[in-house]
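# sequence and predicted structure below; questions after.
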Amino acid sequence: MIVAGMGFTTRATRASFRDALARTGGTPDALATAQDKADQLAPFARELGLPLHAIPPEDLTRQATQSTSAASLRARGTGSVAEAAALAAAGPGATLLAARSISTDRMAACALAQGKTP
């Protein structure tokens, strides 16, 4: 299973999400984001026909991310919400396929992770 993790500001739009996802070059089986941001991402998940995983804060902070954002570290305790959400949703032993890609408007970031289970 390939999961697209999304991190974003409250000003992000569906266009922001589409752009960030397109920049990863992948086709996910599911989307994931921080639990408190899931409602904002849900319409985009429905548009794509993909399940959405809402990741609790403690699961985000457990993930080792490749990218590091000082703002994300301060606010969320992880270097990249997009990478952490993708890894957490993909499950134990997941690997990062694409580090975070940032949308042109800089409102959203997307990363891809692949889990060991199909």
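That came through, no problem.

# can you show me the helices along the protein?
Assigned by DSSP state H, the helices in the chain fall at 14-24, 38-48, 57-61, 70-76, 81-90.

# what's the least confident stretch among those?
Among the helices of the chain, helix 70-76 carries the lowest mean pLDDT, at a mean of 90.

# residue 57 contacts residue 77, correct?
Yes. The criterion here is Cβ atoms under 8 Å, and residue 57 meets it with residue 77 at 7.2 Å. Bear in mind the C-beta positions are built from the backbone N, C-alpha and C, glycine included.

# tell me which of the helices of the chain sits most buried.
Counting by mean count of other Cβ atoms under 10 Å, helix 81-90 has the highest mean neighbour count of these, with a mean of 31.

# quick one, that helix and helix 38-48 angle?
70 degrees (axes from the mean of the first three to the mean of the last three Cα atoms, to 10 degrees).

# tell me the angle of helix 81-90 relative to helix 14-24?
With the same axes, to 10 degrees applied, the angle from helix 81-90 to helix 14-24 works out at 70 degrees.

# against which helices or strands is helix 81-90 packed?
Packed against helix 81-90 by the contact rule (3 or more Cβ pairs under 8 Å, 6 or more residues apart in numbering; DSSP states H and E) you find strand 2-8, strand 30-34, strand 52-55, helix 57-61, strand 95-102, strand 108-114.

# chain center to it, what's the gap?
Distance of helix 81-90 from its chain centroid, counting by Cα atoms, centre = their mean, to the nearest Å, is 6 Å.

# hmm, back to that, among the helices of the chain, which is nearest residue 7?
The closest of the helices of the chain to residue 7 is helix 81-90. By Cβ to Cβ, the value is 3.2 Å.
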